[in-house]
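could you work out the structure for the sequence below:
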Amino acid sequence: MKRLLSTAAIFAIGLVPLAAKPATAQGYQIDCAILLCLAGGWPASVPCARARAEFIRRITPWPVEPPLQIWRCPMRAALRAPDPVARLYRLAGFDRGPTVSSAPGMEMLHLAQAVGRGADIDVSGSAFAFIRSIDVFDAYLSQGVVGEGEHCRRWSYIRHGSYDSTGQFRWRIASPGGLPPAFRGDEGFGATCPSIRARAVFVDWEDHEGTYGSEQVNY
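Predicted coordinates:
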């Protein structure tokens, strides 16, 4: 069974599987749960199922939102607590069980001033790379033969959303060639001229161990 893995030197390798508290999804900070569960590869548990559902709901039009809104998880408060591991688990609404230990190297986390809608601690290190691995593509592709001369008409509009070293989410304009290989619906676009109409939001990520995952919402 997958176990929740270390997130940015806050959580130790070998944590027990998450268990849900008897509370509703509104009873905990959903973005703290998303942060923990994403890092651990979405381990099977009620709170992680809720966290993943919210992660996907946010990219389901309309509007398309950042799937992880890390600025809503008060990690600075966790760091200031006597036991920051327990504090962040409580913020996420998890019962961590009796065998969880704090991670070595906790003292290496340094507080940083949040910039805009970024994290409230320094997330620029390699331990937080799983946050920067999240990519969101809001894509619209259209292609087909038109007119008596059978001209191929192509049109595309693609926004690529990603996280910078502060945890801030930003959109930029991208090209069809920048869509990930796991994206479905663009096969043949720009080649000959098969009829294509794809409208989708696609998100992919890597967990703390580098395991790849993705989800596509077509509409």
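
quickly list the domain ranges of the protein.
According to automatic domain parsing, the chain comprises the domains 19-123, 131-218.

now the end-to-end length of the last one.
Going back to what we said before, that points to domain 131-218. 24 Å (Cα to Cα, to the nearest Å).

what is the mean pLDDT for that domain?
Mean pLDDT, domain 131-218: 92.

also the first one?
In this model, domain 19-123 carries a mean pLDDT of 67.

now mean neighbour count too, for the domains of the chain, in TSV please.
Every C-beta, even on glycine, is put in place using the N, C-alpha and C of the backbone. Formatted as TSV, the domains of the chain follow (neighbours: other Cβ atoms under 10 Å):
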stretch	mean neighbour count
domain 19-123	18
domain 131-218	16
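
packing partners of the longest helix seen in the chain?
Ranked by residue count under DSSP state H, the longest helix found in the chain is helix 46-57. Using 3 or more Cβ pairs under 8 Å, 6 or more residues apart in numbering; DSSP states H and E, the elements in contact with helix 46-57 are helix 30-39.

first-to-last residue distance for stretch 202-216?
Using Cα to Cα, the end-to-end distance of stretch 202-216 comes to 4 Å.

what helix or strand is D120 located in?
Counting by DSSP states H and E, no helix or strand carries D120.

hang on, it packs against D31?
No - in this structure, D120 is not within contact of D31 by Cβ atoms under 8 Å, at 11.6 Å.

which residues do the two both contact?
W71 (Cβ atoms under 8 Å, 6 or more residues apart in numbering).

I'd say D186 and L141 touch.
Yes - in this structure, D186 is within contact of L141 by Cβ under 8 Å, at 5.5 Å.

intersection of neighbour lists for the two?
Common neighbours of D186 and L141 (Cβ under 8 Å, 6+ apart) are 176, 196, 198.

is it true that Q168 touches G118?
Yes - with contacts counted by Cβ under 8 Å, Q168 reaches G118, the gap being 4.1 Å.

would you map the helices across the protein?
In the chain, the helices defined using DSSP H lie at 30-39, 46-57, 75-80, 84-92, 129-132.

who are the packing partners of the shortest one?
Counting contacts by 3+ Cβ pairs under 8 Å, 6+ apart, the secondary-structure elements packed against helix 129-132 are helix 30-39, strand 151-163, strand 196-206.

now render the ones you listed as TSV, adding distance to P63.
Shown next, in TSV, are these (distance: least, Cβ to Cβ, whole Å):
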stretch	distance to P63
helix 30-39	17
strand 151-163	12
strand 196-206	10
